[in-house]
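[1] Predicted model and sequence follow; I will ask about them next.
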Amino acid sequence: MKQLFILSLAFLAITGCRKIETDGEKEIFVVTKEVTPVGVVSNIITLKGKITKDTTLLAKDVNYLSGLVYITKGVTLTIQEGAKVMGKSGADVAALVICRGAKIIAKGTAEKPIVFTSASPNPASGDWGGVVLLGTAKVNTTLTWKGAAVAGLTSVEGGVNDTEIGYGLAGSGDAVYPTGNDADNSGVLSYVRIEYAGYAYQPDNELNSLTMAGVGNGTTIDHIQVTYAKDDAFEWFGGTVNCKYLIAYKTQDDDFDTDNGYNGNVQFGIILRDSVIADISQSEAFESDNNSAGSDVTPQTTAVFSNITAIGPRATLANVGNTLYRGGAHIRRNTGISIFNSIIAGWRIGLEFDFALGKVDKNYLVDSIIRIKNTTLAGNGTNIASSPSSGSSLTIKTDTAILGAYFRKAEYGNVILTLASSDVLKLIQPFNYLNPDFTPYASAGPGADSKATNIDKYGKGSIAAATGFGLNSNLSYQVNGEFTDSKLQNAFFDKTATFRGGVATSGENQTWWKGWTVWK
């Protein structure tokens, strides 16, 4: 397919159009119209189809994506700081796919973020597809490709793959990438906003706002805000990429979804949900599977999250919100996810351990593959719940009280609060949709928050009300996080962030989410 570039030359004062054909590869349309010949010349650039040459999108131009745009192997797409890239809707509904072996270099700044958004004058969730990164790091799936079962290969969901070349493939094991590379580099996304994405190219097979499949840890992902995602905000299918400073705002389905052997790390994140926006598949902050069958294929999903503030739809216990909401974390299907130094507040269920599929007696809490430490549950309808499989013989699967006892272990540093109000949780105004503030009170610590009336009963009363288990120190945001666990020793982690949640009481980690983001 040809590349289509449309250029509008603002300095010409006549109206007309001429077509220039060059090298058989591109069509360049020079569109002229009457304008005032002052200021910066702005061109209209439309990317379409297979991009086979290095390309740069500039902040001064009007940039469009039309249809499925593939950055092909060996090609780099560079996007200038401050640029806006608009995905078309309707018959030309767009998505940007960075294929295996390609790169995107999108390095915005706090003052000049890069914005991927809808081209519609009245944008809405799901207007366009989103951004897809495909790499060659390990995935735990087996894909039938060209008549053969290929272990370690996957076709990303959303209907973006083809049957001949494999532009939508991730992982390895095929003829093009016979071996995987966990250090694979798909480029840089930094200070980037992705708005109104998540189009369903096929029924029940949607693209996410930011899809990462088989993306390696040579890739840089930081300071990304996803707003109004139609499906998931961020989804990882296998891979090893590490991410920092992620924001999901008013997502419809899940915020952080990990599958197919993802074993990277994520630090510093904010989730803010709208009480009326939820998905028929049931919406959650965290959803984690090893794979759809819950089998023990490897690599196992062992994602590690630290310093996440996940604010759900319930500012108060009386605020039920959309009935399609499920919970803060849905841990299921043989996953080995771990969550540290975090806050899960205002959900129908705080933590749900779903044992319907998977070898849970090996991979869940019993042998500490899953770890939940230094985490606060606040203002949730039910704080800890289990969904046991029929005929289970493992007590931990069926006894919510035992799950509560696990969470309550003093050495884990966890806290459960009945309410998520500011005077109890000690965050300034986390439930304010248009002007949120996730900053902890600088003086948060011992005081009224230690009252037993603010400390919930585990599993709807299956355990007697706690009387503290380190509550005072665990609500002091200067000291209520820690990085002593073996899963937090990767050099990626900022171990000075000894606080709970995504925002510090002071310093650069207090303001990282301000200035380049939008809340509307």
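    Yep, that arrived.
[2] helix/strand/coil for residue 509?
    In three-state terms, and counting by DSSP: H, G, I helix; E, B strand; the rest coil, residue 509 is helix.
[3] scratch that, residue 487
    Residue 487 ends up helix, using three-state DSSP.
[4] Can you verify my assumption that it contacts residue 304?
    Yes - the criterion here is C-beta atoms under 8 Å, and residue 487 meets it with residue 304 at 5.2 Å. C-beta here means a position set from N, CA and C on the backbone, and glycine is covered the same way.
[5] neighbour count winner among the two?
    residue 304 (22 against 18; other C-beta atoms under 10 Å).
[6] is it true that the more buried one touches residue 341?
    No - between residue 304 and residue 341 there is no contact under C-beta under 8 Å: 10.7 Å.
[7] ok, back up a step: so what sits against both of residue 487 and residue 304?
    338, 340 (C-beta atoms under 8 Å, 6 or more residues apart in numbering).
[8] what does the model give residue 442 for pLDDT?
    Per-residue pLDDT puts residue 442 at 79.
[9] Pull out the buried residues from stretch 167-183.
    167-174, 177, 180-182 (16 or more other C-beta atoms under 10 Å).
[10] swap in stretch 379-388?
    Counting neighbours by 16+ other C-beta under 10 Å, stretch 379-388 gives 379-386, 388 as buried.
[11] how near is residue 264 to residue 302?
    Note on residue 264: its distance to residue 302, by C-beta to C-beta, to the nearest Å, is 9 Å.
[12] Kindly report the same for residue 93.
    From residue 93 to residue 302 the distance is 35 Å (C-beta to C-beta).
[13] Check whether residue 342 really touches residue 501, as I assumed.
    Yes - applying C-beta under 8 Å, one finds residue 342 in contact with residue 501, separated by 6.4 Å.
[14] which residues do these two both contact?
    What both residue 342 and residue 501 touch, as defined by C-beta under 8 Å, 6+ apart, is the set 307-309, 376.
[15] remind me, longest helix of the chain?
    helix 400-408 (DSSP state H).
[16] Could you list every helix and strand in contact with that one?
    strand 349-354, strand 382-387, helix 395-398 (3 or more C-beta pairs under 8 Å, 6 or more residues apart in numbering; DSSP states H and E).
[17] average pLDDT for the helix or strand containing residue 97?
    Element membership for residue 97 (DSSP states H and E) is strand 95-98. Mean per-residue pLDDT for strand 95-98: 98.
[18] can you count the residues close to residue 509?
    19.
[19] Quick check: closest non-adjacent residue to it.
    Nearest non-adjacent residue to residue 509, counting by C-beta to C-beta, 6 or more residues apart in numbering: residue 497, 5.9 Å away.
[20] Tell me where the model's unsure across the stretch 101-250 of the chain.
    For the stretch 101-250 of the chain, the stretches with pLDDT under 70 are 202-204.
[21] Would you enumerate the residues in contact with residue 199?
    Contacts of residue 199 by C-beta under 8 Å, 6+ apart are 89, 93, 95, 126-130, 206-207, 230.
[22] Mind doing that once more with 10 Å?
    Going by C-beta atoms under 10 Å, 6 or more residues apart in numbering, residue 199 touches 87, 89, 93-95, 125-130, 158-159, 206-207, 230-231.
[23] Please apply the same query to residue 96.
    47, 51, 65, 68-71, 77, 79, 85, 87, 104, 106, 116, 128-133, 194, 197.
[24] where does the residue nearest the centre of the chain sit relative to residue 283, distance-wise?
    By C-alpha atoms, centre = their mean, the chain has its centre lying nearest to residue 234, at 2.4 Å. Distance, residue 234 to residue 283, by C-beta to C-beta: 14 Å.
[25] what residues do those two have in common as contacts?
    The contact sets of residue 234 and residue 283 overlap at 251, 254-255 (C-beta under 10 Å, 6+ apart).
[26] Next, format these as JSON lines and append secondary structure and pLDDT.
    Compiled in JSON lines, these are given as follows (DSSP: H, G, I helix; E, B strand; the rest coil; pLDDT from 0 to 100):
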{"residue": "251", "secondary structure": "coil", "pLDDT": "96"}
{"residue": "254", "secondary structure": "coil", "pLDDT": "95"}
{"residue": "255", "secondary structure": "coil", "pLDDT": "97"}
